[in-house]
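Enquirer: whatever this is, show me its structure:
(2 chains)
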There are 2 protein chains.
Amino acid sequence: MSNVLRQHIEQISPLTDTEFDHIQSYFTEKKLRKHQFLVQEGNLVGHEYFVVSGLLKAAYFNEAGKEHIIQFAMENWWITDYQAYVNQTTANLNIDCIEASTLLCLSFENKRKLCEASHKMEHFFRVKATSGYVASQQRILSLLNNDAQSRYEQLLAQYPSLFQRVPKTLIAAYLGVSRETLSRFSGK
Amino acid sequence: MSNVLRQHIEQISPLTDTEFDHIQSYFTEKKLRKHQFLVQEGNLVGHEYFVVSGLLKAAYFNEAGKEHIIQFAMENWWITDYQAYVNQTTANLNIDCIEASTLLCLSFENKRKLCEASHKMEHFFRVKATSGYVASQQRILSLLNNDAQSRYEQLLAQYPSLFQRVPKTLIAAYLGVSRETLSRFSGK
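Expert: Coordinates of the predicted model:
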């Protein structure tokens, strides 16, 4: 299981066995069943999560109860309510399991210590944060340009296997379009 | 002038004089007049820019010629076409000066070398990238929720002095609303 994390980190920062043993000591494992919540609105967000297996979504419910999906996360992806995690405050998002999931949990304090102890891990997380920032800027651009089709194509490119695993209503909630509009892009 | 950069870095990573001398050797200075372009669509993006003084905007022009503003940058802010910079490809954005600006330029290769040579700078850029990611996620949420007023309030909180310096038509192009809708929020 921890091989999944090691391979993921080594795509950016190659590690020795000793280094990886040290790194994995900062993580704890968590298993959730389908429909269980990882983060709930109003609770403190103490951890960031690496997905070893499974599938989750991070969503915001507006005042009218409409669900907006901020992020999906499958194998090799990281997820949390980042605003709450970074500021160590309570969640505005709900994160729940679309499939049963196995996660590796990294507390805010352990992430700080790990990055301080390991320049390689500071580098790894810098590269990941930069990629996340770049992807978010592209999503903002397509939202400003009201270009739902390009958001659909970005999502398809980013997570090609997602479309087999996620109900179309959730894909529509991520894209910010109706289920009917989604059908026009996807042909089903 | 370089004191501006030093104070900015030291908000996250305190430095010795020797460390700062080393860091600033990776940067070159650039001065632009009002209306000049820093980045133009179709050109290679070799640098990230720290704003010492002045004000710039990064914008995308869609097929109909409508301008969407992705980012403003004033003193102590960083700007570039990040997707092009990170992937070392050509720009999709145009970045130009709303006011005459003085910039410190960091090439992609120099940023890599600087982060490799200095764990403190790797940490600094990890923190900045994470903050950028978190702010982008909030902007996505308000775009999905079609909540222009919250985008207006976020922008006002993020850049309180921007509203004295930027024409209202540009603020509207950042928020993704018409000039008329903006008047309803801002009262002018």
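Enquirer: every contact and neighbour count from this point should use C-alpha atoms.
Expert: Fine.
Enquirer: okay, helices next: where are they in chain A?
Expert: Using DSSP state H, the helices of chain A run over A:2-10, A:17-24, A:82-87, A:108-117, A:119-144, A:148-158, A:162-165, A:168-175, A:179-186.
Enquirer: I'd like to know which of these is closest to residue B:101.
Expert: Each of the helices of chain A was scored for nearness to residue B:101 using Cα to Cα, and the closest is helix A:119-144 (23.5 Å).
Enquirer: avg pLDDT for the closest one?
Expert: What helix A:119-144 shows for mean pLDDT is 95.
Enquirer: so which of the helices of chain A gets nearest residue B:92?
Expert: helix A:119-144 (10.5 Å).
Enquirer: any residue of the closest one touching chain B?
Expert: Yes. Against chain B, helix A:119-144 shows contacts by Cα under 8 Å from any Cα of the partner chain at A:119, A:122-123, A:125-127, A:129-130, A:132-137, A:139-141, A:143-144.
Enquirer: just name whatever secondary elements that helix is in contact with.
Expert: If contacts are counted by 3 or more Cα pairs under 8 Å, 6 or more residues apart in numbering or on different chains; DSSP states H and E, helix A:119-144 sits against helix A:108-117, helix A:148-158, strand B:67-74, helix B:82-87, helix B:119-144.
Enquirer: nearest to residue B:23, of these?
Expert: Residue B:23 lies closest to helix B:119-144 among these, at 8.3 Å (Cα to Cα).
Enquirer: what angle separates that closest one from helix B:148-158?
Expert: Angle, helix B:119-144 to helix B:148-158, by axes from the mean of the first three to the mean of the last three Cα atoms, to 10 degrees: 150 degrees.
Enquirer: nearest residue to the middle of chain A?
Expert: Nearest to the geometric centre of chain A sits residue A:79, at 3.1 Å (Cα atoms, centre = their mean).
Enquirer: quick check: that residue vs residue A:93, distance?
Expert: From residue A:79 across to residue A:93, the span is 11 Å (Cα to Cα, to the nearest Å).
Enquirer: with residue A:168 instead?
Expert: Per Cα to Cα, residue A:168 is found 21 Å from residue A:93.
Enquirer: deepest-packed of the helices of chain A, please.
Expert: Highest mean neighbour count of the helices of chain A: helix A:119-144, a mean of 21 (counted as mean count of other Cα atoms under 10 Å in any protein chain shown).
Enquirer: how far away from the center of its chain is that helix?
Expert: Helix A:119-144 sits 12 Å away from the centroid of its parent chain (Cα atoms, centre = their mean, to the nearest Å).
Enquirer: picking up where we left off before, shared neighbours, residue A:79 and residue A:93?
Expert: By the contact definition Cα atoms under 8 Å, 6 or more residues apart in numbering or on different chains, residue A:79 and residue A:93 are jointly contacted by residue A:58.
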